[in-house]
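# coordinates only, sequence not included:
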């Protein structure tokens, strides 16, 4: 077999895993309606941070997005993950491993949570499980969390899980509201004790 570093599509790893309270899995056909419901419920909290939350998507748009995410997962170009409560099956959040560099084994964790399930520790639990998955299953050398410097809730998740603030890119991009924003970069790096 050829070197899988040059062909990420040949990489095999689980499409789902669990934490204490959560089932975390790759998107599947027909997940769009669940994601659409969560986005509708959470749009006001998402709008300041997520460029795609400028409007509520239709159910069809959400399903198209899910199907594209499914294909990207299979191609190994982006690993979107949906988070569900094990006990009820309710969709908690969308997360995943993005901006993948398979040669360096670098991944960025992104996330948002459904408003009605916020504040219960689910997102911290999910990010912790995704970090472990990336290290154990994908042999991650570097995992990043990047967030707007004003997004204190995202920042606290990174801090709680022992990610180290490496730096702040000052005025590096425009925020959703059109103002200049700064980006905080947190990381965990294999082999470095903090």
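Received it, and whenever you're ready, just let me know what you need. Every value quoted in this text rests on a predicted model; they were computed, and no experiment measured them.

# Check the burial of residue 111 by counting its neighbours.
19 (other C-beta atoms under 10 Å). All C-beta spots, glycine's among them, are computed from the backbone N, C-alpha and C.

# Residue 8 now?
The number of residues near residue 8, taken as other C-beta under 10 Å, comes to 13.

# list the contacts for it?
Contact analysis of residue 8 by C-beta atoms under 8 Å, 6 or more residues apart in numbering lists 75-77, 100, 102.

# Residue 31 too?
63, 66, 82.

# Need the buried ones from those residues selected in PyMOL.
Restricted to buried positions by 16 or more other C-beta atoms under 10 Å, the PyMOL selection for those reads:
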select buried, resi 63+66+82
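
# quick one: average confidence on whichever strand or helix holds residue 82?
Using DSSP states H and E, residue 82 sits within strand 79-85. The average pLDDT within strand 79-85 is 98.

# what does stretch 180-193 give?
90.

# repeat for stretch 103-123
97.

# Figure out the length between the terminal residues of that stretch.
28 Å (C-alpha to C-alpha, to the nearest Å).

# can you pull the buried residues of it?
Those would be 105-114, 117-118, 122-123, for stretch 103-123 by 16+ other C-beta under 10 Å.

# Output these in CSV; the columns should cover distance to residue 175.
Formatted as CSV, those follow (distance: C-beta to C-beta, whole Å):
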residue, distance to residue 175
105, 30
106, 25
107, 24
108, 18
109, 20
110, 16
111, 18
112, 16
113, 20
114, 22
117, 25
118, 21
122, 26
123, 21
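
# Check those against residue 95 and report the nearest one.
residue 111 (4.0 Å; C-beta to C-beta).

# re the thing from before, now the buried residues of stretch 103-123 in CSV, with secondary structure and distance to residue 168?
Shown next, in CSV, are the buried residues of stretch 103-123 (DSSP: H, G, I helix; E, B strand; the rest coil; distance: C-beta to C-beta, whole Å):
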residue, secondary structure, distance to residue 168
105, coil, 25
106, strand, 19
107, strand, 21
108, strand, 16
109, strand, 18
110, strand, 18
111, strand, 20
112, strand, 21
113, strand, 24
114, coil, 29
117, helix, 29
118, coil, 25
122, helix, 27
123, helix, 22
